[in-house]
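Q: How does the following fold in three dimensions:
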Amino acid sequence: MMLTAQGTVQNTDGSGFTANFPIDGYIYEYVGTFAPGETVPAAFLSVDAKASYSDITILHGEKQFTGWVGPKSLSFSVAGSTSISGSLFQSLPSSYQVNGTGEWSKKSIKSYSKRKGISIATREDTTTVKSAMVTP
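A: This is a model prediction of the structure:
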């Protein structure tokens, strides 16, 4: 049985992407870098991204990926029985085949929110995302 998580994916200067998924009180972040010579020249963002994975323990360490971005969606297959997909906030002029390497990391929601400027609230020692207002 595959597990799923909702999150976001956005490009990093055309040379890769960052995917973030809140799971069990943590943010699991996958930072992918496209192989040399591969780029996605337009900015892209998916706010309805979905990660499908076989077990939480595989969301760690360095993993290879293959996939595509555009024109209306994105899809990455990450080694270790994981896929990331979603629709794009804004369409791209065409589709771009990509592959490369990325790394999973696990961050507490509290430390992640400070780094990203997101407001959170805590209740009874349990950190929950109460609001996700990005501060300028």
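Q: can you map out the strands along this structure?
A: For the chain, the strands defined by DSSP state E cover 3-11, 16-23, 26-34, 45-53, 61-69, 73-78, 82-87, 96-108, 121-123, 126-128.
Q: Please produce a markdown table containing those strands, extended by mean neighbour count and mean pLDDT.
A: Every C-beta, even on glycine, is put in place using the N, C-alpha and C of the backbone. Below are those laid out as a markdown table (neighbours: other CB atoms under 10 Å; pLDDT from 0 to 100):
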| stretch | mean neighbour count | mean pLDDT |
| --- | --- | --- |
| strand 3-11 | 17 | 97 |
| strand 16-23 | 20 | 97 |
| strand 26-34 | 20 | 97 |
| strand 45-53 | 18 | 98 |
| strand 61-69 | 16 | 97 |
| strand 73-78 | 20 | 98 |
| strand 82-87 | 19 | 98 |
| strand 96-108 | 16 | 96 |
| strand 121-123 | 9 | 37 |
| strand 126-128 | 11 | 33 |
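Q: so how far is residue 37 from the residue most central in space within the chain?
A: Nearest to the mean C-alpha position of the chain, by CA atoms, centre = their mean, lies residue 19 at 1.1 Å. Here residue 19 is placed at a distance of 22 Å from residue 37 (CB to CB, to the nearest Å).
Q: Same question for residue 23.
A: 33 Å.
Q: do the same with residue 56
A: 34 Å.
Q: do the same with residue 27
A: From residue 27 to residue 37 the distance is 31 Å (CB to CB).
Q: go on, residue 79?
A: Distance, residue 79 to residue 37, using CB to CB: 21 Å.
Q: Among these two, which residue is more densely surrounded?
A: residue 79 (14 against 5; other CB atoms under 10 Å).
Q: hang on, that one packs against residue 62?
A: No: between residue 79 and residue 62 there is no contact under CB atoms under 8 Å: 9.2 Å.
Q: and for these two, which residues touch both?
A: Counting by CB atoms under 8 Å, 6 or more residues apart in numbering, residue 79 and residue 62 have no contacts in common.
Q: picking up where we left off before, in this model residue 5 seems to touch the residue nearest to the centre of the chain, though I could be wrong.
A: No: with contact defined as CB under 8 Å, residue 19 does not reach residue 5; the gap is 10.0 Å.
Q: Much appreciated, bye for now.
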